[in-house]
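[1] Return a 3D structure for these sequence lines:
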Amino acid sequence: HNAQTKEDYSLAKDYSARALAIGQRVAPESPIVVKSLRTLARSERLLSIDSAKFHYLTALGLQKKLAPGGSVEEIDILACIGGMETDLTNYPVAREYLEKAVDMGERLAPGSKEFEYSLEVLGVLEVNEGDPSAARDHLQRAFAVREKFHASLGPTLLYLGAAANDQADFASARDYFERALTAFQETNPNSPEIPLTLENLAQALERQGDLASALEYSRRALAITEQEEGASPNTARNLGIVGDVLRDQRKFGAAADYYQRSLALWEKIVPDSLDVAYTLNRLSNIARAQANRALAAEYDRRALDMGQKSCPNSWCVVDIMAELGELAYELGDLAA
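    Okay, the predicted model is just below:
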């Protein structure tokens, strides 16, 4: 339950799988089997997203049989699946699960940790979808619930900072991130949320123009995830963030190296995701800055194809489409 590293998650997975096997043998359609499935899925999330998703969905089906009118357990499962779909950039699917979780939470358990978590993950989705106003509303509601049961406020402060950052409210974003970092360090100095907070702080500082501090924080975050997680989504994301700061410092060769390492990880972990598309777009920006427009267009065409698979309504690829138009103009292809 308190797993922190890949080794911890593997050990947790083994215990959870043993508990599930016993439960399925002695009480195959019972709450203990649902609990074991949920714990197993949570343990597998860092190790195998597909396996975690399968066990969450199995738990969801069984929980619906046990409590057809809804339950706090179902709220939690729905929110966890929604969070995983958000991580996979399957945003329409994520929204469907998360809205069900929030609706059920408001109806059955408005003061529960499960309802707070569903609000929080919905807010994270809305940050990723580019709707920071809606995100801040849901996250502030989550914060109010979280304060009542005296839980660590770090996670909600972290996501509030991300929403403020997207609204260009950089002073508030930095304040939220610094408060989140303090909360995590006080609760658990080895918390996996610490590198996540460092990377967000780096992005806020980058947008404020403090590139030296941004590079320091982003490299600290990367060092932690490389050591603790190895080839993980967090490592891939942090490689990209270090690349962003180096790009802003006009160190294009070094930035491209970090982007290529990030791309290799994303293609290995989630090959059909928006994360791949966005990293290709970053490489396009580097090629364009180096006056290699043909290479830039090639990267952006690959990014557009990938992005449209994850996001068929194209809200998430409009920047790539605009850049392709500019590149075509610069290359003299006015029809394109």
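
[2] Arg220 is in contact with Leu198, isn't it?
    Yes: using CB atoms under 8 Å, Arg220 is in contact with Leu198, at 5.2 Å. For every residue, glycine as well, the C-beta is placed using N, CA and C.

[3] Comparing those two, which residue is more hemmed in?
    Just comparing Arg220 and Leu198: by other CB atoms under 10 Å the higher neighbour count belongs to Leu198, 25 against 16.

[4] chain center to the lengthiest helix in the chain, what's the gap?
    Determined from DSSP state H, the single longest helix within the chain is helix 6-26. Centroid displacement of helix 6-26 relative to its chain, using CA atoms, centre = their mean, to the nearest Å, is 25 Å.

[5] Repeat that for stretch 182-201.
    15 Å.

[6] May I see the buried residues of it?
    By neighbour count on 16 or more other CB atoms under 10 Å, the buried set for stretch 182-201 is 183-184, 191-201.

[7] In helices only, show me those residues.
    Short answer: the buried residues of stretch 182-201 in helices (DSSP H) are Ala183, Phe184, Glu193, Ile194, Pro195, Leu196, Thr197, Leu198, Glu199, Asn200, Leu201.

[8] Need those in JSON lines (columns: distance to Tyr97).
    JSON lines is the format used below for these (distance: CB to CB, whole Å):
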{"residue": "Ala183", "distance to Tyr97": "27"}
{"residue": "Phe184", "distance to Tyr97": "27"}
{"residue": "Glu193", "distance to Tyr97": "22"}
{"residue": "Ile194", "distance to Tyr97": "28"}
{"residue": "Pro195", "distance to Tyr97": "26"}
{"residue": "Leu196", "distance to Tyr97": "22"}
{"residue": "Thr197", "distance to Tyr97": "26"}
{"residue": "Leu198", "distance to Tyr97": "29"}
{"residue": "Glu199", "distance to Tyr97": "26"}
{"residue": "Asn200", "distance to Tyr97": "24"}
{"residue": "Leu201", "distance to Tyr97": "30"}
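
[9] Now do the helices in the stretch 51-200 of the chain.
    Here the stretch 51-200 of the chain has its helices, by DSSP state H, counting those that start in this stretch, at 72-87, 91-108, 113-129, 132-148, 154-166, 170-187, 193-208.

[10] Could you dump those helices into a markdown table with distance to Gln63 and mean pLDDT added?
    Converted to a markdown table, those look like this (distance: least, CB to CB, whole Å; pLDDT from 0 to 100):
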| stretch | distance to Gln63 | mean pLDDT |
| --- | --- | --- |
| helix 72-87 | 5 | 95 |
| helix 91-108 | 11 | 96 |
| helix 113-129 | 12 | 93 |
| helix 132-148 | 22 | 91 |
| helix 154-166 | 24 | 89 |
| helix 170-187 | 30 | 91 |
| helix 193-208 | 28 | 90 |
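
[11] Throw those into a markdown table and include distance to Arg42, thanks.
    Output for the helices of the stretch 51-200 of the chain, formatted as a markdown table (distance: least, CB to CB, whole Å):
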| stretch | distance to Arg42 |
| --- | --- |
| helix 72-87 | 7 |
| helix 91-108 | 16 |
| helix 113-129 | 12 |
| helix 132-148 | 19 |
| helix 154-166 | 15 |
| helix 170-187 | 19 |
| helix 193-208 | 15 |
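
[12] avg pLDDT for the longest helix of the chain?
    In this model, helix 6-26 has an average pLDDT of 88.

[13] mind listing what's buried in it?
    Tyr9, Ala12, Lys13, Ser16, Ala17, Ala19, Leu20, Gly23.

[14] My guess is the fourth one contacts Arg45. True?
    No: at 11.7 Å, Ser16 does not count as touching Arg45 under the criterion of CB under 8 Å.

[15] Overlap in contacts, the two.
    Common contacts of Ser16 and Arg45 (CB atoms under 8 Å, 6 or more residues apart in numbering): none found.

[16] Now for Leu280: which residues touch it?
    Contacts of Leu280 (CB under 8 Å, 6+ apart): Leu263, Tyr299, Asp300, Arg302, Ala303, Met306.

[17] Leaving out sequence neighbours, find the closest residue to the first one.
    Nearest in space to Leu263, with sequence neighbours left out and distances taken as CB to CB, 6 or more residues apart in numbering, is Thr279 at 4.5 Å.

[18] So what's the residue count around that neighbour?
    29.

[19] where's it relative to Gly243, distance?
    From Thr279 over to Gly243 the distance is 9 Å, taken as CB to CB, to the nearest Å.

[20] Now for the two: what residues contact both?
    In contact with both Thr279 and Gly243: Tyr259, Ser262, using CB under 8 Å, 6+ apart.

[21] quick revisit: ok, the ones in helices among the buried residues of stretch 182-201 vs Asp76, which is closest?
    Of all those, Glu193 has the smallest distance to Asp76: 18.9 Å, by CB to CB.

[22] ok, now which ones touch the nearest residue to the closest one once chain neighbours are set aside?
    Leaving aside its sequence neighbours, Glu193 sits nearest to Phe184 (CB to CB, 6+ apart; 5.0 Å). Phe184 is in contact with Ser152, Gly154, Ser191, Glu193, Ile194, Thr197, counting by CB under 8 Å, 6+ apart.
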